[in-house]
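Asker: okay, predicted coordinates and the sequence, questions at the end:
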Amino acid sequence: MAAMTYDGSSIDPTKPSIARVYDYLLGGKDNYAVDREIGDVFKRDLPGSVAIAFANRAALTRAVREIAKNTGIRQFIDLGSGLPTADNVHQVAQRHAPDSRVVYVDIDQQVLVHGRALLENNDRTRVVAVDVRHPEGIRTHPDTLDIIDFDQPVAVILSAILHHVNDDEDPAGIVRYWRDQVPSGSHFFLSHFRSGNNPETVEAEKVLQKTFGRGRWRTDAEIASLLDGLEILDPGIVPASLWRPDENDNPWNSGEGRELTVWEHLIAAGLARKA
């Protein structure tokens with residue numbers, strides 16, 4: 001894949017970006033009017049749907065904390081990392097294990113601009129500009145090899161990315177590739193749009209497909225099948241708000257002790273381990 005620059009010159013503010021729409025829904029400022037227009041469809045026409053973004057991000061934070069604190073893993077590959085938020089993978093991991101190293105992978109130009117700033121402030125992170133659908137290019141990239149030792153366990157982060165990989169692009173093959181590249185003890189965190197067989201699912205999928213040509217809601221069984229060959233850890237594939245909820249989480253983040261909204265049921269999360 002051709003090298004990509006970090007100067008932001010190829011950012012097109014007239015075309016919506018998945019990363020920037022997500023940033024807008026999370027309350028960020030790294031977005032344009034065209035992104036806010038799409039985000040407002042969710043906010044206005046699908047009230048409550050913003051909970052998907054918050055529940056997903058909170059589950060990711062909990063998963064990274066769990067891996068850093070309790071597995072001994074000190075290297076992370078974040079596939080389709082998106083724009084920075086309050087708690088990025090390296091910040092969470094290094095808070096609990098300061099020697100953690102993180103490779104962020106994305107091809108959105110604005111994400112790469114932020115990545116350059118990130119590199120200036122943290123020598124244990126790298127940003128790799130390769131499409132997640134080309135895992136070999138990520139695996140062999142010099143920046144990946146600079147900080148990731150594939151003889152040691154790796155945490156592979158697939159947070160809200162595989163639902164943007166269409167069926168004919170073989171999302172299971174992406175996971176299978178990484179499963180085969182990392183040693184025993186490696187962990188895989190996956191979050192994914194979860195089909196609810198309801199009008200909300202249909203409408204949200206329609207918005208994403210119309211705008212980006214991608215955005216695939218899958219059933220629990222389909223999501224679990226993406227992790228074939230790995231041991232899915234407790235509590236399994238569940239709504240993200242119910243994935244090891246933290247008693248300190250606020251109501252946006254924790255599903256414990258309350259009824260989830262229909263939207264919170266539409267994003268699932270799971271953690272798996274390579275035996």
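Answerer: Perfect, I can see it now.

Asker: quick one, longest helix in this protein?
Answerer: helix 50-70 (DSSP state H).

Asker: mean confidence score for it?
Answerer: On average, the pLDDT along helix 50-70 is 92.

Asker: chain center to it, what's the gap?
Answerer: 10 Å (Cα atoms, centre = their mean, to the nearest Å).

Asker: now do the buried residues in it.
Answerer: Within helix 50-70, the residues that qualify as buried are 50-68, counting by 16 or more other Cβ atoms under 10 Å. To be clear about C-beta, it is placed using only N, CA and C from the backbone, and glycine gets the same treatment.

Asker: from the contact counts, what lies against it?
Answerer: helix 18-25, helix 89-96, strand 155-159, strand 187-193, strand 267-273 (3 or more Cβ pairs under 8 Å, 6 or more residues apart in numbering; DSSP states H and E).

Asker: save those as JSON lines, and put in distance to residue 260, mean neighbour count and mean pLDDT too.
Answerer: Conversion of the helices and strands packed on helix 50-70 to JSON lines gives the following (distance: least, Cβ to Cβ, whole Å; neighbours: other Cβ atoms under 10 Å; pLDDT from 0 to 100):
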{"stretch": "helix 18-25", "distance to residue 260": "18", "mean neighbour count": "24", "mean pLDDT": "77"}
{"stretch": "helix 89-96", "distance to residue 260": "24", "mean neighbour count": "20", "mean pLDDT": "94"}
{"stretch": "strand 155-159", "distance to residue 260": "19", "mean neighbour count": "25", "mean pLDDT": "97"}
{"stretch": "strand 187-193", "distance to residue 260": "15", "mean neighbour count": "25", "mean pLDDT": "96"}
{"stretch": "strand 267-273", "distance to residue 260": "10", "mean neighbour count": "25", "mean pLDDT": "96"}
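
Asker: can you put the ones you listed in CSV and add distance to residue 122?
Answerer: Shown next, in CSV, are the helices and strands packed on helix 50-70 (distance: least, Cβ to Cβ, whole Å):
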stretch, distance to residue 122
helix 18-25, 20
helix 89-96, 6
strand 155-159, 17
strand 187-193, 21
strand 267-273, 25
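
Asker: for residue 56, give its distance to residue 193.
Answerer: 9 Å (Cβ to Cβ, to the nearest Å).

Asker: also residue 167?
Answerer: From residue 167 across to residue 193, the span is 13 Å (Cβ to Cβ).

Asker: now do the contacts for the spatially most central residue of the chain.
Answerer: Centroid-nearest residue in the chain, with Cα atoms, centre = their mean: residue 159, separated by 2.1 Å. Counting by Cβ atoms under 8 Å, 6 or more residues apart in numbering, residue 159 touches 56, 60, 78, 80, 189, 190, 191.

Asker: show me the two of those that sit farthest apart.
Answerer: The most widely separated members of the contacts of residue 159 are 56 and 78, with 13.5 Å between them, by Cβ to Cβ.

Asker: I'd say residue 93 and residue 66 touch.
Answerer: No. Counting by Cβ atoms under 8 Å, residue 93 does not reach residue 66; the two are 10.6 Å apart.

Asker: just to revisit the earlier point, following the longest helix of the chain, which helix or strand comes up?
Answerer: Sequence order places strand 75-79 as the next helix or strand after helix 50-70, per DSSP states H and E.

Asker: that next one: partners in the sheet, and parallel or antiparallel?
Answerer: Here strand 75-79 is paired, per DSSP bridges, with strand 101-105 (parallel), strand 155-159 (parallel).

Asker: what sits against the residue nearest to residue 63 when sequence neighbours are not counted?
Answerer: Once flanking residues are discounted, residue 63 sits nearest to residue 189: 4.3 Å by Cβ to Cβ, 6 or more residues apart in numbering. Residue 189 sits next to 60, 63, 64, 67, 155, 156, 157, 158, 159, 269, 270, 271 when contact means Cβ under 8 Å, 6+ apart.
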